[in-house]
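Asks: Below: sequence and its predicted model.
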Amino acid sequence: MHDGSIGNAIFLIFVGASVLATLALYARQAMIVAYIVVGMLLGPTGLGFVNDVVWLNGIAEIGIMFLLYLLGLNLAPAQLVRMFREALWVTVASSLALGFIGFAVASVGGWTTTQALVAGAVLMFSSTIIGVKLLPTTTLHQQRMGQVMISVLLLQDLIAIVIILLIQGAGGETDPLGGIARQLGALMAVGIAAAALDRLMIEKLIERFDRIQEYLFLLVIAWCLGIAEFGAWLGLPREIGAFVAGVTLASSPVSQFIAESLKPLRDFFLVLFFFSLGASFNLSSLAEVAWTGGLLALCCLTLKPLVFRTLLTKVGEKPGMSFEIGVRLGQISEFSLFVVVVALKAGVIGQIHADALKMATLLTFLASSYWVVMRYPTPMAIADRLRRD
(Lines give C-alpha, C1' and ligand atoms only; values in the text may rest on other atoms or scores of the structure.)
Protein backbone atom coordinates (compact mmCIF):
# COMPACT_ATOMS: atom_id res chain seq x y z
CA MET A 1 0.00 0.00 0.00
CA HIS A 2 1.28 3.48 -0.78
CA ASP A 3 1.84 4.85 2.72
CA GLY A 4 2.14 1.53 4.55
CA SER A 5 -1.00 2.28 6.54
CA ILE A 6 -3.51 -0.48 7.19
CA GLY A 7 -6.10 2.23 7.78
CA ASN A 8 -5.41 3.69 4.35
CA ALA A 9 -5.80 0.25 2.76
CA ILE A 10 -9.11 -0.35 4.55
CA PHE A 11 -10.30 3.06 3.35
CA LEU A 12 -9.37 2.29 -0.27
CA ILE A 13 -10.90 -1.19 -0.15
CA PHE A 14 -14.28 -0.17 1.23
CA VAL A 15 -14.65 3.04 -0.75
CA GLY A 16 -13.68 1.21 -3.93
CA ALA A 17 -15.95 -1.72 -3.08
CA SER A 18 -18.91 0.58 -2.38
CA VAL A 19 -18.48 2.40 -5.71
CA LEU A 20 -18.21 -0.80 -7.73
CA ALA A 21 -20.98 -2.46 -5.70
CA THR A 22 -23.26 0.42 -6.68
CA LEU A 23 -22.40 -0.10 -10.33
CA ALA A 24 -22.88 -3.87 -9.91
CA LEU A 25 -26.37 -3.38 -8.48
CA TYR A 26 -27.33 -1.09 -11.37
CA ALA A 27 -26.06 -3.82 -13.71
CA ARG A 28 -28.06 -6.45 -11.75
CA GLN A 29 -24.90 -8.24 -10.61
CA ALA A 30 -23.96 -9.84 -7.30
CA MET A 31 -21.83 -7.56 -5.11
CA ILE A 32 -19.24 -10.35 -4.75
CA VAL A 33 -18.19 -9.49 -8.29
CA ALA A 34 -17.49 -5.89 -7.24
CA TYR A 35 -15.29 -6.99 -4.33
CA ILE A 36 -13.17 -9.24 -6.56
CA VAL A 37 -12.87 -6.67 -9.34
CA VAL A 38 -11.81 -3.88 -6.95
CA GLY A 39 -9.12 -6.25 -5.68
CA MET A 40 -7.86 -6.72 -9.23
CA LEU A 41 -7.88 -2.97 -9.85
CA LEU A 42 -6.21 -1.87 -6.61
CA GLY A 43 -3.97 -4.91 -6.10
CA PRO A 44 -0.27 -5.41 -6.93
CA THR A 45 -0.77 -6.23 -10.62
CA GLY A 46 -3.40 -3.51 -11.08
CA LEU A 47 -2.95 0.08 -9.93
CA GLY A 48 -0.82 -1.04 -7.01
CA PHE A 49 -2.58 1.02 -4.34
CA VAL A 50 -2.65 -2.03 -2.03
CA ASN A 51 0.58 -3.94 -2.52
CA ASP A 52 0.87 -5.87 0.71
CA VAL A 53 -1.88 -8.51 0.66
CA VAL A 54 -0.26 -10.82 3.22
CA TRP A 55 -1.99 -9.17 6.16
CA LEU A 56 -5.22 -9.13 4.14
CA ASN A 57 -5.10 -12.89 3.67
CA GLY A 58 -4.88 -13.43 7.42
CA ILE A 59 -7.79 -11.10 8.17
CA ALA A 60 -9.83 -12.42 5.24
CA GLU A 61 -9.64 -15.97 6.61
CA ILE A 62 -11.73 -14.76 9.55
CA GLY A 63 -14.53 -14.00 7.09
CA ILE A 64 -14.49 -17.58 5.84
CA MET A 65 -14.46 -18.81 9.44
CA PHE A 66 -17.61 -16.83 10.20
CA LEU A 67 -19.20 -17.97 6.92
CA LEU A 68 -18.69 -21.61 7.86
CA TYR A 69 -19.71 -20.92 11.46
CA LEU A 70 -23.04 -19.52 10.25
CA LEU A 71 -23.44 -22.44 7.86
CA GLY A 72 -23.03 -24.82 10.78
CA LEU A 73 -25.59 -22.85 12.81
CA ASN A 74 -28.16 -23.60 10.09
CA LEU A 75 -27.52 -27.34 10.12
CA ALA A 76 -29.57 -28.69 13.00
CA PRO A 77 -29.66 -32.52 13.09
CA ALA A 78 -33.36 -32.71 12.16
CA GLN A 79 -32.74 -30.48 9.14
CA LEU A 80 -29.79 -32.61 8.07
CA VAL A 81 -31.96 -35.74 8.10
CA ARG A 82 -34.64 -34.02 6.01
CA MET A 83 -32.05 -32.71 3.52
CA PHE A 84 -30.46 -36.10 3.09
CA ARG A 85 -33.83 -37.66 2.42
CA GLU A 86 -34.95 -35.07 -0.13
CA ALA A 87 -31.86 -33.95 -2.04
CA LEU A 88 -28.95 -36.32 -1.39
CA TRP A 89 -29.19 -38.30 -4.62
CA VAL A 90 -29.56 -35.23 -6.82
CA THR A 91 -26.68 -33.42 -5.08
CA VAL A 92 -24.27 -36.36 -5.24
CA ALA A 93 -25.12 -37.25 -8.84
CA SER A 94 -24.85 -33.63 -10.04
CA SER A 95 -21.55 -33.17 -8.18
CA LEU A 96 -20.07 -36.28 -9.79
CA ALA A 97 -21.28 -35.27 -13.27
CA LEU A 98 -19.98 -31.72 -13.01
CA GLY A 99 -16.76 -32.88 -11.37
CA PHE A 100 -16.12 -35.15 -14.34
CA ILE A 101 -16.79 -32.29 -16.76
CA GLY A 102 -14.33 -30.01 -14.95
CA PHE A 103 -11.74 -32.79 -14.81
CA ALA A 104 -12.10 -33.46 -18.56
CA VAL A 105 -11.79 -29.79 -19.54
CA ALA A 106 -8.70 -29.26 -17.36
CA SER A 107 -7.11 -32.47 -18.67
CA VAL A 108 -7.60 -31.27 -22.24
CA GLY A 109 -5.89 -28.04 -21.17
CA GLY A 110 -2.78 -30.00 -20.18
CA TRP A 111 -3.26 -30.07 -16.41
CA THR A 112 -1.98 -33.00 -14.40
CA THR A 113 -4.43 -35.51 -12.94
CA THR A 114 -4.25 -33.94 -9.47
CA GLN A 115 -4.69 -30.42 -10.81
CA ALA A 116 -7.61 -31.55 -13.00
CA LEU A 117 -9.27 -33.17 -9.97
CA VAL A 118 -9.18 -29.80 -8.20
CA ALA A 119 -10.78 -28.20 -11.29
CA GLY A 120 -13.48 -30.85 -11.16
CA ALA A 121 -14.07 -30.14 -7.47
CA VAL A 122 -14.40 -26.41 -8.22
CA LEU A 123 -17.17 -27.01 -10.79
CA MET A 124 -19.19 -29.19 -8.39
CA PHE A 125 -20.57 -26.37 -6.29
CA SER A 126 -22.96 -23.47 -6.84
CA SER A 127 -22.99 -20.13 -5.05
CA THR A 128 -25.13 -20.09 -1.91
CA ILE A 129 -24.86 -16.30 -1.74
CA ILE A 130 -25.95 -15.65 -5.34
CA GLY A 131 -28.55 -18.43 -5.39
CA VAL A 132 -30.30 -17.26 -2.24
CA LYS A 133 -29.90 -13.51 -2.89
CA LEU A 134 -31.68 -13.83 -6.27
CA LEU A 135 -34.51 -15.92 -4.87
CA PRO A 136 -37.68 -13.91 -4.06
CA THR A 137 -38.22 -14.52 -0.36
CA THR A 138 -41.94 -13.69 -0.30
CA THR A 139 -42.92 -16.10 -3.05
CA LEU A 140 -40.54 -18.89 -3.95
CA HIS A 141 -38.33 -19.17 -0.90
CA GLN A 142 -40.93 -21.01 1.18
CA GLN A 143 -42.20 -23.02 -1.76
CA ARG A 144 -40.85 -26.11 -3.44
CA MET A 145 -38.21 -24.39 -5.56
CA GLY A 146 -36.66 -22.64 -2.60
CA GLN A 147 -36.68 -25.81 -0.51
CA VAL A 148 -34.96 -27.84 -3.22
CA MET A 149 -32.37 -25.15 -3.97
CA ILE A 150 -31.43 -24.57 -0.35
CA SER A 151 -31.21 -28.31 0.37
CA VAL A 152 -28.90 -28.83 -2.62
CA LEU A 153 -26.74 -25.81 -1.71
CA LEU A 154 -26.30 -26.88 1.91
CA LEU A 155 -25.44 -30.44 0.91
CA GLN A 156 -22.93 -29.08 -1.62
CA ASP A 157 -21.35 -27.07 1.17
CA LEU A 158 -20.99 -30.25 3.23
CA ILE A 159 -19.31 -31.99 0.29
CA ALA A 160 -17.00 -28.97 -0.04
CA ILE A 161 -15.98 -29.39 3.60
CA VAL A 162 -15.01 -33.01 2.91
CA ILE A 163 -13.02 -32.05 -0.19
CA ILE A 164 -11.18 -29.31 1.71
CA LEU A 165 -10.21 -31.89 4.32
CA LEU A 166 -8.99 -34.28 1.60
CA ILE A 167 -6.90 -31.56 -0.08
CA GLN A 168 -5.48 -30.43 3.24
CA GLY A 169 -4.60 -34.02 4.16
CA ALA A 170 -3.06 -34.91 0.80
CA GLY A 171 -1.15 -31.67 0.19
CA GLY A 172 2.59 -31.89 0.76
CA GLU A 173 2.33 -35.39 2.24
CA THR A 174 4.64 -38.27 1.36
CA ASP A 175 1.79 -40.50 2.59
CA PRO A 176 -1.44 -38.88 1.28
CA LEU A 177 -3.73 -41.56 2.71
CA GLY A 178 -2.10 -41.16 6.11
CA GLY A 179 -2.54 -37.40 5.90
CA ILE A 180 -6.22 -37.77 5.05
CA ALA A 181 -6.71 -40.23 7.91
CA ARG A 182 -5.08 -37.76 10.31
CA GLN A 183 -7.40 -35.01 9.12
CA LEU A 184 -10.48 -37.18 9.62
CA GLY A 185 -9.22 -38.25 13.06
CA ALA A 186 -8.66 -34.62 14.02
CA LEU A 187 -12.18 -33.76 12.80
CA MET A 188 -13.68 -36.47 15.00
CA ALA A 189 -11.66 -35.28 18.00
CA VAL A 190 -12.77 -31.66 17.50
CA GLY A 191 -16.39 -32.73 17.06
CA ILE A 192 -16.42 -34.82 20.24
CA ALA A 193 -14.67 -32.13 22.30
CA ALA A 194 -16.94 -29.38 20.97
CA ALA A 195 -20.11 -31.39 21.65
CA ALA A 196 -18.96 -32.16 25.21
CA LEU A 197 -18.01 -28.54 25.97
CA ASP A 198 -21.25 -27.29 24.48
CA ARG A 199 -23.33 -29.55 26.70
CA LEU A 200 -21.30 -29.07 29.88
CA MET A 201 -20.62 -25.34 29.64
CA ILE A 202 -21.90 -23.32 26.66
CA GLU A 203 -25.55 -24.36 26.88
CA LYS A 204 -25.61 -23.61 30.60
CA LEU A 205 -24.06 -20.17 30.09
CA ILE A 206 -26.51 -19.34 27.30
CA GLU A 207 -29.46 -20.46 29.43
CA ARG A 208 -28.22 -18.47 32.44
CA PHE A 209 -27.47 -15.20 30.60
CA ASP A 210 -29.72 -15.41 27.52
CA ARG A 211 -31.20 -11.94 28.17
CA ILE A 212 -27.83 -10.18 28.04
CA GLN A 213 -27.30 -9.90 24.29
CA GLU A 214 -23.89 -8.27 24.57
CA TYR A 215 -22.63 -11.24 26.57
CA LEU A 216 -24.13 -13.76 24.13
CA PHE A 217 -22.45 -11.95 21.24
CA LEU A 218 -19.09 -12.11 23.01
CA LEU A 219 -19.57 -15.74 24.05
CA VAL A 220 -20.45 -17.10 20.62
CA ILE A 221 -17.53 -15.29 18.95
CA ALA A 222 -15.16 -16.71 21.57
CA TRP A 223 -16.70 -20.16 21.00
CA CYS A 224 -16.17 -19.93 17.23
CA LEU A 225 -12.57 -18.72 17.50
CA GLY A 226 -11.73 -21.10 20.36
CA ILE A 227 -12.89 -24.26 18.57
CA ALA A 228 -11.25 -23.00 15.35
CA GLU A 229 -7.94 -22.58 17.19
CA PHE A 230 -8.28 -26.00 18.82
CA GLY A 231 -8.84 -27.51 15.37
CA ALA A 232 -5.77 -25.71 14.03
CA TRP A 233 -3.72 -27.11 16.95
CA LEU A 234 -4.77 -30.60 15.78
CA GLY A 235 -3.85 -29.82 12.18
CA LEU A 236 -7.26 -28.86 10.76
CA PRO A 237 -7.97 -25.65 8.85
CA ARG A 238 -9.38 -23.10 11.29
CA GLU A 239 -12.40 -22.75 9.04
CA ILE A 240 -13.36 -26.39 9.60
CA GLY A 241 -13.12 -25.92 13.36
CA ALA A 242 -15.45 -22.92 13.06
CA PHE A 243 -17.92 -25.05 11.10
CA VAL A 244 -17.92 -27.69 13.85
CA ALA A 245 -18.47 -24.95 16.43
CA GLY A 246 -21.55 -23.81 14.52
CA VAL A 247 -23.01 -27.32 14.16
CA THR A 248 -22.76 -27.92 17.91
CA LEU A 249 -24.82 -24.77 18.57
CA ALA A 250 -27.38 -25.41 15.79
CA SER A 251 -29.92 -26.94 18.19
CA SER A 252 -29.67 -24.03 20.63
CA PRO A 253 -32.84 -21.91 20.96
CA VAL A 254 -30.73 -18.80 20.33
CA SER A 255 -29.01 -20.11 17.19
CA GLN A 256 -31.02 -17.82 14.90
CA PHE A 257 -30.23 -14.81 17.09
CA ILE A 258 -26.55 -15.74 16.89
CA ALA A 259 -26.72 -16.10 13.11
CA GLU A 260 -28.39 -12.71 12.65
CA SER A 261 -26.02 -10.99 15.09
CA LEU A 262 -22.90 -12.24 13.32
CA LYS A 263 -23.92 -11.47 9.75
CA PRO A 264 -22.56 -7.86 9.73
CA LEU A 265 -19.25 -9.07 11.18
CA ARG A 266 -19.09 -11.88 8.63
CA ASP A 267 -19.84 -9.49 5.76
CA PHE A 268 -17.07 -7.10 6.84
CA PHE A 269 -14.44 -9.83 6.72
CA LEU A 270 -15.87 -11.40 3.55
CA VAL A 271 -15.35 -8.11 1.71
CA LEU A 272 -11.67 -8.38 2.64
CA PHE A 273 -11.60 -12.05 1.60
CA PHE A 274 -12.98 -11.43 -1.87
CA PHE A 275 -10.79 -8.34 -2.25
CA SER A 276 -7.72 -10.43 -1.40
CA LEU A 277 -8.75 -13.01 -4.02
CA GLY A 278 -8.94 -10.31 -6.66
CA ALA A 279 -5.70 -8.70 -5.48
CA SER A 280 -3.87 -12.04 -5.73
CA PHE A 281 -5.01 -12.48 -9.34
CA ASN A 282 -2.13 -11.86 -11.73
CA LEU A 283 -3.56 -9.70 -14.52
CA SER A 284 -0.52 -10.42 -16.67
CA SER A 285 -1.57 -14.08 -16.79
CA LEU A 286 -4.96 -13.33 -18.38
CA ALA A 287 -3.87 -14.41 -21.85
CA GLU A 288 -2.41 -17.64 -20.47
CA VAL A 289 -5.49 -18.64 -18.46
CA ALA A 290 -8.18 -17.29 -20.80
CA TRP A 291 -8.73 -20.50 -22.76
CA THR A 292 -9.02 -22.90 -19.83
CA GLY A 293 -10.84 -20.45 -17.57
CA GLY A 294 -13.26 -19.44 -20.32
CA LEU A 295 -13.98 -23.03 -21.33
CA LEU A 296 -14.60 -24.08 -17.72
CA ALA A 297 -17.01 -21.16 -17.30
CA LEU A 298 -18.82 -21.96 -20.56
CA CYS A 299 -19.24 -25.63 -19.63
CA CYS A 300 -20.52 -24.67 -16.20
CA LEU A 301 -23.07 -22.17 -17.50
CA THR A 302 -24.41 -24.40 -20.27
CA LEU A 303 -24.27 -27.85 -18.70
CA LYS A 304 -25.30 -27.22 -15.08
CA PRO A 305 -28.90 -26.33 -16.01
CA LEU A 306 -29.14 -29.47 -18.16
CA VAL A 307 -27.67 -31.69 -15.45
CA PHE A 308 -30.04 -30.40 -12.79
CA ARG A 309 -33.06 -30.54 -15.10
CA THR A 310 -32.31 -34.17 -15.94
CA LEU A 311 -31.74 -35.26 -12.34
CA LEU A 312 -34.60 -33.30 -10.76
CA THR A 313 -37.04 -34.50 -13.42
CA LYS A 314 -36.08 -38.08 -12.64
CA VAL A 315 -37.06 -37.61 -8.99
CA GLY A 316 -40.46 -36.20 -9.92
CA GLU A 317 -39.97 -32.43 -10.19
CA LYS A 318 -41.55 -30.49 -13.06
CA PRO A 319 -39.22 -29.98 -16.08
CA GLY A 320 -39.71 -26.18 -16.18
CA MET A 321 -38.98 -25.70 -12.51
CA SER A 322 -36.07 -28.15 -12.70
CA PHE A 323 -34.44 -26.16 -15.50
CA GLU A 324 -34.98 -22.88 -13.63
CA ILE A 325 -33.30 -24.35 -10.55
CA GLY A 326 -30.40 -25.38 -12.80
CA VAL A 327 -30.10 -21.84 -14.17
CA ARG A 328 -30.20 -20.36 -10.67
CA LEU A 329 -27.46 -22.82 -9.63
CA GLY A 330 -25.51 -22.31 -12.86
CA GLN A 331 -22.48 -20.51 -11.40
CA ILE A 332 -19.38 -21.67 -9.55
CA SER A 333 -19.44 -21.21 -5.77
CA GLU A 334 -17.66 -18.87 -3.39
CA PHE A 335 -16.75 -22.10 -1.57
CA SER A 336 -14.98 -23.17 -4.75
CA LEU A 337 -12.75 -20.13 -4.34
CA PHE A 338 -11.93 -21.34 -0.85
CA VAL A 339 -11.11 -24.78 -2.30
CA VAL A 340 -8.73 -23.02 -4.71
CA VAL A 341 -7.06 -21.14 -1.84
CA VAL A 342 -6.60 -24.34 0.19
CA ALA A 343 -5.26 -26.27 -2.82
CA LEU A 344 -2.81 -23.47 -3.61
CA LYS A 345 -1.55 -23.31 -0.02
CA ALA A 346 -1.19 -27.11 0.07
CA GLY A 347 0.88 -27.08 -3.14
CA VAL A 348 -1.66 -29.20 -5.01
CA ILE A 349 -2.06 -26.58 -7.77
CA GLY A 350 0.10 -23.69 -8.96
CA GLN A 351 -0.68 -19.99 -9.19
CA ILE A 352 -1.52 -20.23 -12.91
CA HIS A 353 -4.12 -22.92 -12.20
CA ALA A 354 -5.56 -20.86 -9.35
CA ASP A 355 -5.86 -17.84 -11.66
CA ALA A 356 -7.68 -19.91 -14.30
CA LEU A 357 -10.17 -21.19 -11.71
CA LYS A 358 -10.69 -17.70 -10.26
CA MET A 359 -11.32 -16.37 -13.77
CA ALA A 360 -13.86 -19.13 -14.47
CA THR A 361 -15.63 -18.38 -11.19
CA LEU A 362 -15.83 -14.65 -11.86
CA LEU A 363 -17.16 -15.20 -15.39
CA THR A 364 -19.92 -17.49 -14.09
CA PHE A 365 -20.83 -14.98 -11.38
CA LEU A 366 -21.31 -12.32 -14.06
CA ALA A 367 -23.11 -14.39 -16.68
CA SER A 368 -25.29 -16.40 -14.31
CA SER A 369 -26.52 -13.34 -12.40
CA TYR A 370 -27.37 -11.59 -15.66
CA TRP A 371 -29.20 -14.68 -17.01
CA VAL A 372 -31.30 -15.06 -13.85
CA VAL A 373 -32.35 -11.42 -13.52
CA MET A 374 -33.25 -11.23 -17.23
CA ARG A 375 -35.46 -14.34 -17.23
CA TYR A 376 -36.74 -15.15 -13.76
CA PRO A 377 -38.38 -13.42 -10.77
CA THR A 378 -35.79 -11.85 -8.47
CA PRO A 379 -35.60 -8.88 -6.08
CA MET A 380 -33.53 -7.02 -8.71
CA ALA A 381 -35.06 -8.13 -12.03
CA ILE A 382 -34.89 -5.87 -15.10
CA ALA A 383 -38.57 -6.21 -16.02
CA ASP A 384 -41.26 -5.07 -13.57
CA ARG A 385 -43.17 -8.31 -14.14
CA LEU A 386 -40.17 -10.25 -12.76
CA ARG A 387 -39.30 -7.98 -9.83
CA ARG A 388 -40.44 -9.59 -6.57
CA ASP A 389 -39.25 -9.11 -3.01
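Replies: Yes, it's here.

Asks: What number of neighbouring residues does A116 come out with?
Replies: Other residues near A116 come to 21 when the count uses other CB atoms under 10 Å. C-beta: built from backbone N, CA, C; applies to glycine.

Asks: By mean pLDDT, flag the weakest helix or strand of the protein.
Replies: Here the helix or strand of the chain ranked lowest by mean pLDDT, DSSP states H and E is helix 54-73, holding a mean of 74.

Asks: M145 and L303, how far apart?
Replies: According to CB to CB, to the nearest Å, M145 stands 20 Å off from L303.

Asks: So if I had to pick from these two, which one is more boxed in?
Replies: M145 (21 against 16).

Asks: residue contacts, the nearest residue to F66 once chain neighbours are set aside?
Replies: Leaving aside its chain neighbours, F66 sits nearest to R266 (3.8 Å; criterion: CB to CB, 6 or more residues apart in numbering). Contacts for R266 (CB atoms under 8 Å, 6 or more residues apart in numbering) come out as G63, F66, L67, Y69, L70.

Asks: Dump those residues into a markdown table; add neighbour count as well.
Replies: Below are those laid out as a markdown table (neighbours: other CB atoms under 10 Å):
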| residue | neighbour count |
| --- | --- |
| G63 | 21 |
| F66 | 26 |
| L67 | 26 |
| Y69 | 29 |
| L70 | 21 |
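
Asks: any chance of the residues you listed in TSV, with distance to S276 too?
Replies: Listed next are the contacts of R266 as TSV, based on distance: CB to CB, whole Å:
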residue	distance to S276
G63	9
F66	15
L67	14
Y69	19
L70	20
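
Asks: Which one of those residues is nearest to S336?
Replies: Closest approach between those and S336, by CB to CB: L67, at 13.2 Å.

Asks: Disregarding flanking residues, what is the spatial nearest neighbour of that closest one?
Replies: Closest residue to L67 apart from its sequence neighbours, by CB to CB, 6+ apart: R266 at 5.9 Å.

Asks: Figure out the helix or strand that the one you found lives in.
Replies: helix 255-279 (DSSP states H and E).

Asks: do the same with A119
Replies: With DSSP H and E as the criterion, A119 is inside helix 113-124.

Asks: mean confidence for the helix holding R266?
Replies: For helix 255-279, mean pLDDT rounds to 77.

Asks: Any stretches of this structure with poor pLDDT?
Replies: Counting by pLDDT under 70, the chain shows low-confidence ranges at 1-4, 29-30, 52-54, 56-57, 60, 75-86, 136-143, 169-180, 379-389.

Asks: Might you report the residue contacts of the residue positioned nearest the centre of the chain?
Replies: Per CA atoms, centre = their mean, the C-alpha nearest to the average position across the chain is that of F335, at 2.6 Å. Taking CB under 8 Å, 6+ apart, we find F335 in contact with F125, T128, Q156, D157, A160.
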